[in-house]
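[1] have a look; sequence and predicted model below, questions after that.
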Amino acid sequence: MSDWSGVVGVLAVLAGTCCLAGCSDDSPPADPPEIRADPVAKSDTAATDSGKKDSDAKAASGDNTAASPSGDSASALPPALEPVKPASEAPAIEPVKPQTEKPFVLELSPGITIQFAWIPPGEYTMGDGSSELPPHRESIEPFYLGVYEMTQEQWTAVMGSNPSLTRGAKYPVERLNWSDCRALVGKMNEKYADSGMRFDLPTEAQWEYACRAGRSIVSNPSDSRDEIEEFAWMGRNARSDTHPVGRKKPNDWGLYDMQGNVAEFCADVVQGAAADGEEWHVVRGGNIRSGYSECRSVSRLPRRTVVPLRQDGVRLMCVPVK
């Protein structure tokens with residue numbers, strides 16, 4: 001019995017020694033953990049997918065509330081992470097009505113023509129409250145409008161003279177008054193009666209509708225302070241002189257220089273603008289000396305009947321004779 005006790009004691013001592021050796025600080029370190037490829041990216045992707053599913057679920061349920069990564073509301077996010085405004089708060093991109101009719105081209109004299117673009121019918125909001133015209137709806141019937149401001153060679157072909165100071169065949173005719181424009185309309189209808197068209201000045205409603213290609217003012221590129229110089233010769237880029245027509249960007253209906261270069265007379269008569277009851281008239285589009293506000297599509301500038309100004313010109317419209 002005593003022999004077995006000695007053996008057991010020896011075994012116990014050996015076991016204790018092995019245990020101490022296995023727990024010693026001098027034992028070799030465990031193998032390093034396996035390095036997996038881009039665990040952070042995987043985590044981000046999973047979070048993105050999860051967030052997308054949550055966003056889709058909220059959109060489907062009509063809940064537009066955005067949440068921060070910590071679960072707080074969107075208003076608590078730092079500026080760099082603020083959500084984009086809902087589409088309902090941004091100006092809608094308005095499609096432009098297609099021009100389904102071909103342009104009308106009239107030969108005024110050998111080698112000299114005038115081109116008119118077809119303006120489709122539609123409704124739009126005229127004015128924006130910045131002038132004496134409050135915003136209101138206008139319905140427009142189809143008509144044709146000159147692609148360019150009337151040039152000096154075109155005016156001379158019809159009227160036989162040129163009142164302009166800055167001369168050039170392709171420059172807009174300038175220094176006109178209301179009476180000059182009415183004389184032009186009469187002459188056009190007399191000389192080109194067999195054209196099948198009746199010529200006139202555009203009304204203010206027609207002019208503004210065509211200038212914006214039927215769009216609202218908030219979504220019209222040529223009414224943007226940042227983009228207007230792409231469309232208009234004005235005080236900031238014209239160097240106080242007129243320029244040949246068609247050098248700037250056209251609008252979406254192919255009309256050039258609707259804003260800037262020379263202001264254009266409209267057919268409307270403004271009653272009671274002067275204390276003596278004289279008829280006044282309106283020019284649109286601003287001119288080479290105008291700032292941004294006067295070149296906007298809603299801007300209106302008054303003119304007396306017989307006083308010509310250097311920066312005033314004309315753009316004709318026409319409709320088929322019924």
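    Ah, there it is.
[2] tally of neighbours for the residue nearest to Ser179 when sequence neighbours are not counted?
    Once flanking residues are discounted, Ser179 sits nearest to Val306: 5.5 Å by CB to CB, 6 or more residues apart in numbering. For every residue, glycine as well, the C-beta is placed using N, CA and C. Residues lying near Val306 (other CB atoms under 10 Å) number 10.
[3] now do the strands in this structure.
    Taking DSSP state E as the criterion, the chain carries its strands at 104-109, 112-119, 122-126, 136-140, 143-146, 197-200, 263-270, 280-284, 300-304, 312-313, 317-320.
[4] can you list those strands in CSV and add distance to Pro172?
    Below are these laid out as CSV (distance: least, CB to CB, whole Å):
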stretch, distance to Pro172
strand 104-109, 15
strand 112-119, 13
strand 122-126, 25
strand 136-140, 25
strand 143-146, 11
strand 197-200, 18
strand 263-270, 9
strand 280-284, 13
strand 300-304, 16
strand 312-313, 5
strand 317-320, 16
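[5] pick the most buried one from the ones you listed.
    Among the strands of the chain, strand 312-313 has the highest mean neighbour count (mean count of other CB atoms under 10 Å), at a mean of 28.
[6] which residues are contacting that one?
    Contacts with strand 312-313, where a contact means CB atoms under 8 Å, 6 or more residues apart in numbering, come from 149-150, 172-177, 261-265, 283, 287, 303.
[7] same question, stretch 100-116
    117-118, 120, 142, 144-148, 150, 153-154, 157-158, 192, 195, 197, 316-318.
[8] stretch 251-258 too?
    96, 99, 117, 119, 145, 147-149, 172, 207, 210-214, 221-222, 231-233, 245-248, 250, 264, 285, 297, 315.
[9] about what we covered before: for the residue nearest to Ser179, what are its contacts?
    Residues in contact with Val306 (CB under 8 Å, 6+ apart) are Asn177, Trp178, Ser179.
[10] what separates it from Asn162, distance-wise?
    Computed with CB to CB, to the nearest Å, the distance linking Val306 and Asn162 is 19 Å.
[11] how about Leu301?
    Here Leu301 is placed at a distance of 24 Å from Asn162 (CB to CB).
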